[in-house]
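In: what shape does this take:
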Amino acid sequence: QVQLVESGGGLVQAGGSLRLSCAASGRTFSSVVMGWFRQAPGKEREFVTAISGSGSTTVYADSVKGRFTISRDNDKNTVYLQMNSLKPEDTAVYYCAGNPYTVVQNPRLYIYWGQGTQVTVSS
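Out: Numbers count the residues shown, from 1 in each chain. Model prediction:
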């Protein structure tokens with residue numbers, strides 16, 4: 001089992017930046033693919049980005065490519081999401097998630113989930 005706890009959400013103006021963190025405990029962190037998802041009110045949960053266990057492979061949704069960066073520190077059992085040039089449409093609850101399989105966008109394949117952290121971008 002892997003327990004995930006997100007932090008770093010908050011309120012920011014459009015064009016600003018936030019850095020989310022997700023601390024993991026449990027099984028060997030470096031063997032777990034980590035991803036970030038988000039869910040806005042009234043919308044389905046959507047994929048944002050994912051990173052392989054070693055950090056060598058990353059995938060981004062088109063909507064955040066060039067603005068968001070995922071990274072991980074396996075010594076600290078933590079994955080990060082640096083969000084720059086934020087837009088009001090980035091407003092959502094952001095969840096970190098993990099799976100022991102591969103870098104994928106399908107949330108159904110992620111078996112570990114955090115509780116979520118709210119990100120609100122004002123215009």
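
In: so R108 lies in a helix, does it not?
Out: Yes: applying DSSP: H, G, I helix; E, B strand; the rest coil, one finds R108 inside a helix.

In: distance of it from K76?
Out: 28 Å (Cβ to Cβ, to the nearest Å). Where C-beta positions appear, they are placed from N, C-alpha and C, glycine not excepted.

In: between the two, who's got more neighbours?
Out: More crowded of R108 and K76, by other Cβ atoms under 10 Å: K76, with 12 against 7.

In: surely that one is in a helix?
Out: No: using three-state DSSP, the assignment for K76 is coil, not a helix.

In: so which helix or strand takes in the residue nearest the centre of the chain?
Out: Note on the chain: the residue nearest the mean C-alpha position is W36, at 2.3 Å, using Cα atoms, centre = their mean. Following DSSP states H and E, the helix or strand that holds W36 is strand 33-39.

In: pull out the buried residues from that strand.
Out: Across strand 33-39, burial judged by 16 or more other Cβ atoms under 10 Å covers V33, M34, G35, W36, F37, R38.

In: now for it, which elements pack on it?
Out: Counting contacts by 3 or more Cβ pairs under 8 Å, 6 or more residues apart in numbering; DSSP states H and E, strand 33-39 packs against strand 18-26, strand 46-51, strand 68-73, strand 78-83, strand 92-99.

In: mind running it again at 7 Å?
Out: Counting contacts by 3 or more Cβ pairs under 7 Å, 6 or more residues apart in numbering; DSSP states H and E, strand 33-39 packs against strand 46-51, strand 92-99.
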